[in-house]
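1. Based on what follows, work out the 3D shape:
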Amino acid sequence: MQPLIDHARAHGQRPEEFAPLAHGQSPQALFITCSDSRVVPALITGARPGELFELRTAGNIVPAHTSARPTSEAATIEYAVEVLGVTDVVVCGHSHCGAVGALVRGDDLTAVPAVRDWLAHATPRPEGAAEDPAVTDAVQSHILTQLLRLRAYPCVADKLTSGQLRLHAWYYEVHTGAVREHRPDTGTFEAL
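-> Numbers count the residues shown, from 1 in each chain. From the prediction side, this is the model:
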């Protein structure tokens with residue numbers, strides 16, 4: 001923990017770099033990704049403070065939209081699209097994802113009931129080879145499912161219809177640092 005504390009102390013020593021951020025934010029994109037510590041959106045994209053609005057959930061799950069019981073995720077998506085006016089939304093899954101791996105393998109999650117109940121939002125269960133440690137196919141399928149869910153959010157659907165919003169499906173390889181984007185014309189994830 002001490003290196004993190006030392007960096008935080010040094011980080012606060014340059015207030016002139018951060019003063020403009022007090023005037024507000026205008027991020028270019030909403031970046032929805034996993035909570036996994038190996039996935040660092042600003043590192044992947046090169047974004048500076050104020051340029052990327054992030055939503056991180058276990059397994060980069062976008063829960064189904066419901067107005068009867070709003071979620072933190074729904075509030076974040078709505079705020080990014082309606083208030084901040086992001087023009088792009090990226091759903092980024094990653095290799096070696098523990099959440100998707102647990103779903104594919106059918107792991108017993110009774111010892112972690114909150115995790116088990118959260119992962120129930122991932123239906124349908126991602127399909128892929130349980131013996132693949134990177135769970136590549138399953139993660140890529142899962143990313144596309146989350147993108148479909150995102151399209152069902154009224155604010156997203158409205159902005160897509162009016163051409164004010166673009167959606168992107170990314171797959172990040174934690175073991176190489178490579179990023180692949182889904183190409184609808186080929187149905188495959190290819191290098192950016």
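
2. now the helices: where do they sit in this protein?
-> Assigned by DSSP state H, the chain shows helices spanning 2-11, 15-18, 41-45, 72-78, 98-105, 113-119, 136-151, 154-161.

3. for the ones you listed, which one sits closest to W170?
-> Comparing the helices of the chain by their distance to W170 (CB to CB), the top pick is helix 136-151, with 7.4 Å. In short, each C-beta sits where N, CA and C put it, glycine included.

4. what's that closest one in contact with?
-> The list of residues contacting helix 136-151 from outside it, by CB atoms under 8 Å, 6 or more residues apart in numbering, reads 32, 59-65, 77, 89, 91-95, 97, 100-101, 103-104, 122, 124, 126-129, 132, 156-157, 160, 167, 169-171, 182, 189.

5. Buried among these? Need that as a selection in PyMOL.
-> This is the PyMOL syntax for the buried subset of the contacts of helix 136-151, where burial follows 16 or more other CB atoms under 10 Å:
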select buried, resi 32+59+60+61+62+63+65+77+89+91+92+93+94+95+97+100+101+103+104+122+126+128+156+160+167+169+170+171+182+189
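
6. In strands, which of the contacts of helix 136-151 fall?
-> Using DSSP state E, the subset of the contacts of helix 136-151 located in strands is I32, V89, V91, C92, G93, H94, L167, A169, W170, Y171, H182, F189.

7. Distance check, V91 against A29.
-> Using CB to CB, to the nearest Å, V91 is found at 11 Å from A29.

8. Take the ones in strands among the contacts of helix 136-151 and write them to a markdown table, including distance to V115.
-> Rendered in a markdown table, the data for the ones in strands among the contacts of helix 136-151 read as follows (distance: CB to CB, whole Å):
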| residue | distance to V115 |
| --- | --- |
| I32 | 19 |
| V89 | 25 |
| V91 | 20 |
| C92 | 20 |
| G93 | 17 |
| H94 | 17 |
| L167 | 27 |
| A169 | 24 |
| W170 | 24 |
| Y171 | 22 |
| H182 | 27 |
| F189 | 26 |
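
9. Looking at these, which one is closest to H23?
-> Checking the ones in strands among the contacts of helix 136-151 one by one against H23 (CB to CB), the nearest turns out to be V89, at 24.2 Å.

10. list the contacts for the closest one?
-> If you count contacts by CB under 8 Å, 6+ apart, V89 has them with 29-32, 77, 80-81, 150, 156, 165-168.

11. For L55, which of the helices of the chain is the nearest?
-> helix 72-78 (4.7 Å).

12. okay, the closest one in PDB with CA atoms only?
-> What follows is helix 72-78, C-alpha atoms only, in PDB (Å, rounded to 0.1, in the frame of the first residue of the first chain):
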ATOM      1  CA  SER A  72     -26.400   2.600 -10.400                       C
ATOM      2  CA  GLU A  73     -25.300   1.300 -13.800                       C
ATOM      3  CA  ALA A  74     -28.400   2.700 -15.500                       C
ATOM      4  CA  ALA A  75     -27.900   6.100 -13.700                       C
ATOM      5  CA  THR A  76     -24.300   6.200 -14.900                       C
ATOM      6  CA  ILE A  77     -25.300   5.400 -18.500                       C
ATOM      7  CA  GLU A  78     -28.100   7.900 -18.500                       C
END
